[in-house]
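Student: sequence and predicted model, in that order:
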Amino acid sequence: MTPENSQPPSRREYIPGVCNLGRNEVIARYLTAIIGYVTTAVLAFFLIVNQIPLLFRLVVFIPAFIGSIGFLQGFWRFCVAYGIRGVFNVSSSIGKTDTVEQAEFRKKDRRTAFVIIWLSALIASCVTAIVCVYPK
């Protein structure tokens, strides 16, 4: 193995449907996850302690979804928005993207993006259900 290949693939190249983010982009996704999950925890605590009715507790889905999608994007080193738009960024610059030229690669990226969206929605739904069923 050469030194350039000693790094994980996600740190050296774009891999269709697997990796479309570089290190700095991954860090940004984890920061989004932290903000989303902290907001979820604070909001859930407020809603439960103040015995807010069930209908209003559903709002916890939003920050839980943001936290989940941020975490999964960081963990998978894959940006949902980039995957849907057909771009990638494995450079050290945040927001600078290159276009995915091959249609087959764009299809793989979109599939992965939608898997992350659905998993994030599932996680957020579970968190929301817990907050909603917690005793008043």
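Tutor: That came through fine.
Student: who are the packing partners of the least confident helix or strand in the chain by mean pLDDT?
Tutor: Here the helix or strand of the chain ranked lowest by mean pLDDT, DSSP states H and E is strand 98-99, holding a mean of 86. On a contact count with 3 or more Cβ pairs under 8 Å, 6 or more residues apart in numbering; DSSP states H and E, strand 98-99 meets strand 87-88. All C-beta spots, glycine's among them, are computed from the backbone N, C-alpha and C.
Student: quick one, helices of this protein?
Tutor: In the chain, the segments counted as helices under DSSP state H are 23-49, 54-57, 61-76, 80-85, 103-133.
Student: which residues of the chain score low on pLDDT?
Tutor: Confidence mapping of the chain against pLDDT under 70 gives the ranges 1-12, 136.
Student: next one: phi and psi at Thr97?
Tutor: Taking degrees, to the nearest 10, you get phi -120, psi 160 for the backbone angles of Thr97.
Student: for burial, what's the neighbour tally of the closest residue to it other than its chain neighbours?
Tutor: Distance criterion Cβ to Cβ, 6 or more residues apart in numbering; nearest residue to Thr97, sequence neighbours excluded, is Val87 at 3.9 Å. Neighbours of Val87 under the rule other Cβ atoms under 10 Å: 18.
Student: quick one: contacts for Val87?
Tutor: 20, 97-100 (Cβ atoms under 8 Å, 6 or more residues apart in numbering).
Student: I am finished for the moment; much appreciated.
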